[in-house]
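>>> This is a predicted model, with the sequence first.
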Amino acid sequence: MKQLKVLSIMACLIIVLAGCASSNKNVEGSPAKQSESKQPEAKGNDYPVGMEFGDWSDTNDQGITNVRNAFSSDEAISLGMDLPEKFGVKSITINIYKSDNGQLLDSWDDDVDPDWESFVYEFYDPESDELLETGKYEVAVFRDTTRIAEGTFNIK
């Protein structure tokens with residue numbers, strides 16, 4: 001009787017283990033394989049995109065005019081960027097760094113429409129902002145914690 005009980009338990013264990021081992025296989029067309037292929041691709045491979053600097057255009061369809069990377073400290077500076085997809089959020093963060101030491105000089109959030117794929121923004125106005133010193137600067141734009149755009153400009 002004791003031997004029959006041990007044999008029954010062993011048979012149950014073998015059946016259970018055999019079933020578990022076969023359920024881990026990802027055969028083409030199996031439910032496990034199908035669910036893997038339906039997961040969205042990881043975004044972020046196209047980021048960060050570059051940005052342009054120049055003058056603000058009074059007409060919305062022109063975006064940035066007089067594109068350049070060198071400015072004097074008494075010139076207003078606008079940035080423009082085109083994304084490979086919609087923003088998908090209502091707010092982005094813009095950071096300005098001093099390139100030579102990486103010091104964060106300023107950071108702010110700006111509202112965007114989640115359906116936008118491009119963005120133009122005048123971020124420096126010498127009449128109302130503290131004058132930028134001569135040197136190289138980096139601007140980075142973040143969606144949540146992902147750096148989606150970046151670019152550099154110089155103040156001469």
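Done, it's in. Source: prediction; values computed, not measured.
>>> what stretches of this structure score poorly on pLDDT?
Low-confidence segments of the chain (pLDDT under 70): 1-45, 60-62.
>>> all strands for it, in order.
Along the chain, counting by DSSP state E, strands occupy 49-50, 52-56, 64-65, 70-71, 77-82, 91-98, 103-111, 118-124, 135-143, 146-155.
>>> can I get these in JSON lines with mean neighbour count?
Every C-beta, even on glycine, is put in place using the N, C-alpha and C of the backbone. Output for the strands of the chain, formatted as JSON lines (neighbours: other Cβ atoms under 10 Å):
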{"stretch": "strand 49-50", "mean neighbour count": "12"}
{"stretch": "strand 52-56", "mean neighbour count": "19"}
{"stretch": "strand 64-65", "mean neighbour count": "17"}
{"stretch": "strand 70-71", "mean neighbour count": "16"}
{"stretch": "strand 77-82", "mean neighbour count": "21"}
{"stretch": "strand 91-98", "mean neighbour count": "17"}
{"stretch": "strand 103-111", "mean neighbour count": "11"}
{"stretch": "strand 118-124", "mean neighbour count": "17"}
{"stretch": "strand 135-143", "mean neighbour count": "19"}
{"stretch": "strand 146-155", "mean neighbour count": "18"}
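>>> Pretty sure Leu105 sits against Tyr97.
Yes. With contact defined as Cβ atoms under 8 Å, Leu105 counts as touching Tyr97 (6.4 Å).
>>> Spit out the residues that contact those two alike.
The contact sets of Leu105 and Tyr97 overlap at Tyr137 (Cβ atoms under 8 Å, 6 or more residues apart in numbering).
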